[in-house]
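Enquirer: need a structure here:
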Amino acid sequence: LLVFILTIGALYTNFQSFANRVDSIFDSQYVANHNRIYLWKANWMIFTENPIFGLGFEENRKQIDTYLDRFDQPKVMRNHPHNTYINFLAGLGIFGLAFFLLFVGWNLKSTLAGLRSENAFHRTLFVGALGLQLVILLGGLTECNFEDSELNHQYILFAALVEYLRQTYAGAELETKITA
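Expert: Just a heads-up that it's a prediction; the model follows:
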């Protein structure tokens with residue numbers, strides 16, 4: 001975490017284009033932020049009207065115009081909500097988000113457990129898998145990562161690899177304890 005914070009600080013200090021991009025995140029007049037906020041509000045409205053199971057898979061995207069029209073903002077782009085978590089809530093409701101978070105939580109737990117592996121190659125894979133998961137999950141705050149097939153396929157591949165290694169490692173450790 002400290003390395004991450006120091007890296008962001010160094011990038012912010014030394015690269016003006018990076019600093020401008022970071023600053024734009026908090027600028028309410030920046031067009032992309034303006035659009036994103038209205039998309040979040042509209043999708044949140046969809047969720048509040050359909051909290052249990054949502055509007056239906058990808059239906060929030062198909063019906064976004066109906067909700068955006070309530071804000072009388074004609075220049076807002078008509079797109080997905082640019083937030084993975086709000087997208088799950090609007091499309092699949094609290095149940096959809098809960099299952100997604102359970103899946104993600106299980107993967108993170110397995111990955112963190114794998115970091116204790118005695119095998120250096122396995123630990124390297126677990127570190128890579130952890131980095132991949134964190135980037136995708138944090139990026140999900142401003143983009144719908146799981147609508148991008150390349151990203152979600154890569155995430156699933158690493159989740160499968162992590163689970164395979166976790167089970168293999170746990171089984172080998174259990175055998176060692178039994179025979180010792």
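
Enquirer: how far away is the closest residue to Gly54 other than its chain neighbours from Phe53?
Expert: What sits nearest to Gly54 in space, not counting adjacent residues and going by CB to CB, 6 or more residues apart in numbering, is Gly93, at 3.6 Å. Every residue, glycine included, has its C-beta placed from N, CA and C. Applying CB to CB, to the nearest Å, the value for Gly93 to Phe53 is 4 Å.

Enquirer: which of the two has more neighbours?
Expert: Gly93 (19 against 13; other CB atoms under 10 Å).

Enquirer: list the contacts for the residue nearest the centre of the chain?
Expert: Nearest to the mean C-alpha position of the chain, counting by CA atoms, centre = their mean, stands Leu137 at 2.6 Å. Residues near Leu137 by CB atoms under 8 Å, 6 or more residues apart in numbering: Thr84, Val104.

Enquirer: equivalent analysis for Gln16, please.
Expert: Gln16 touches nothing, counting by CB under 8 Å, 6+ apart.

Enquirer: okay, now the unreliable bits of this protein?
Expert: Low-confidence segments of the chain, defined by pLDDT under 70: 1, 28, 73-75, 170-180.

Enquirer: in the host helix or strand of the residue nearest to Gly54, which residues are buried?
Expert: Here Gly93, judged by DSSP states H and E, is contained in helix 84-114. With burial defined by 16 or more other CB atoms under 10 Å, the residues of helix 84-114 counted as buried are 84, 86-93, 96-97, 100, 104, 107-108, 110-111, 114.
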